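> Show me the folded form of this:
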Amino acid sequence: MNDNLKNQIDRLMNERNNLGIPEFEGYSPNEMEYILYDIFGENSPVHLLKMTEPDYKKVPLLNQIKYLAGLIDSQGELKMTSKGFLPVKVVADIYQQGFLKDEFIEVGISKLYKEADSLTVNLTRILLEISGLAKRRKNKLSLTKKGKTIVADDYELLLLIFKTFGTKFNWAYYDGYGQNNIGQMGFGFSMVLLSKYGNKRRKDRFYADKYFEAFPQLINATNIPRYGTVQDEAARCYSIRTFDRFLDFFGLIEIEQRIWNEPKIIRKTTLFDRMIKCTPHGKGV
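Numbers count the residues shown, from 1 in each chain. Predicted coordinates:
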């Protein structure tokens with residue numbers, strides 16, 4: 001292949017990769033690659049904004065992680081149970097702060113005795129460890145040097161939590177939809193959708209359908225449907241992972257009607273636009 005032909009092919013491929021795609025809400029394959037693999041990177045269309053202190057206090061997961069980090073730091077190290085979980089008194093203390101609630105505990109279906117009884121407390125401890133904010137040695141949990149520094153900086157802490165939640169924590173851990181990437185793959189694209197459409201109250205299925213237009217290969221990734229079609233099962237999986245156990249934990253959405261197997265109504269909060277900015281296709285940073 002001569003150099004001129006190779007250059008022409010490279011130019012055409014580059015032009016194609018920079019064309020907006022309707023299924024990607026107008027973003028190009030190149031832009032989508034940043035959304036997928038470098039969500040808040042310099043070239044990504046999705047940006048994490050710096051906020052005021054009162055705004056950071058509205059981010060439930062951020063503040064619950066800070067609270068647990070503070071408990072650990074005040075003691076120097078925290079002795080875990082024989083099975084490696086937080087002590088019962090610490091679990092109760094964290095939950096009573098009211099940063100995050102568990103639906104089953106709140107309605108009385110289950111009771112809070114230990115860490116495993118609370119998804120939100122368990123998630124908080126896991127994120128603290130896999131993010132590198134804390135380390136475990138001889139079944140005792142302590143903050144790392146990195147952790148002590150980052151916990152004092154709300155922006156850097158929130159950035160780390162987002163990245164850890166999106167790329168290191170397994171979103172399938174708490175549900176029975178199978179080991180698949182629904183919701184977690186392209187979680188930044190879900191924020192793009194909320195940024196664009198979230199001003200109005202919309203059903204969760206509206207967002208699920210748009211998500212699967214962008215990632216149709218994930219439609220058949222769930223287990224055999226328990227109710228309805230494969231598409232219905234995939235949409236339920238997307239909804240609970242993306243809305244109930246991701247965006248809501250960060251204070252970015254309001255959810256109406258949490259009734260099993262019924263549509264949820266989703267709307268972004270005012271905090272969303274203070275925290276997340278999505279640059280349109282071709283506009284750069």
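> And the helices in this protein?
Remark: helices assigned in the chain by DSSP state H are 3-17, 29-37, 53-56, 60-75, 88-96, 103-106, 119-130, 145-151, 154-167, 187-197, 204-214, 230-239, 270-275.
> now those as TSV including distance to Ser44, mean pLDDT and mean neighbour count?
C-beta: built from backbone N, CA, C; applies to glycine. Listed next are the helices of the chain as TSV, based on distance: least, CB to CB, whole Å; pLDDT from 0 to 100; neighbours: other CB atoms under 10 Å:
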stretch	distance to Ser44	mean pLDDT	mean neighbour count
helix 3-17	16	50	10
helix 29-37	4	95	18
helix 53-56	21	98	12
helix 60-75	21	97	19
helix 88-96	33	97	17
helix 103-106	33	86	12
helix 119-130	22	97	21
helix 145-151	21	96	17
helix 154-167	12	97	18
helix 187-197	7	98	22
helix 204-214	16	97	19
helix 230-239	22	92	21
helix 270-275	15	98	17
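> and of those helices, who's closest to Ser82?
Shortest distance between Ser82 and the helices of the chain, using CB to CB, is found for helix 88-96: 12.3 Å.
> from the chain's centre, how far out does the closest one sit?
Distance, stretch centre to chain centre, for helix 88-96: 24 Å (CA atoms, centre = their mean, to the nearest Å).
> His47 contacts Lys277, doesn't it?
Yes - His47 is in contact with Lys277 according to CB atoms under 8 Å; the separation is 4.5 Å.
> For Asp175, which of the helices of the chain is the nearest?
helix 230-239 (7.0 Å).
> That closest one: how far from the chain's middle?
Relative to its chain's centre, helix 230-239 lies at 17 Å (CA atoms, centre = their mean).
> Give me the angle between it and helix 204-214.
Helix 230-239 and helix 204-214 are oriented at 100 degrees to each other (axes from the mean of the first three to the mean of the last three CA atoms, to 10 degrees).
> Report all helices and strands that helix 230-239 contacts.
If contacts are counted by 3 or more CB pairs under 8 Å, 6 or more residues apart in numbering; DSSP states H and E, helix 230-239 sits against helix 204-214.
> And the pLDDT for the one residue sitting closest to the centre of the chain?
Per CA atoms, centre = their mean, the C-alpha nearest to the average position across the chain is that of Phe246, at 4.1 Å. Looking at Phe246, its pLDDT is 97.
> Does it touch Phe165 like I think?
Yes - if you go by CB under 8 Å, Phe246 and Phe165 touch, sitting 7.1 Å apart.
> returning to that earlier point: check the spacing between the residue nearest to the centre of the chain and Ile240 real quick.
For Phe246, the distance to Ile240 equals 9 Å [CB to CB, to the nearest Å].
> Check Glu156 too.
29 Å.
> Same question for Arg205.
For Arg205 relative to Ile240 (CB to CB), the value is 13 Å.
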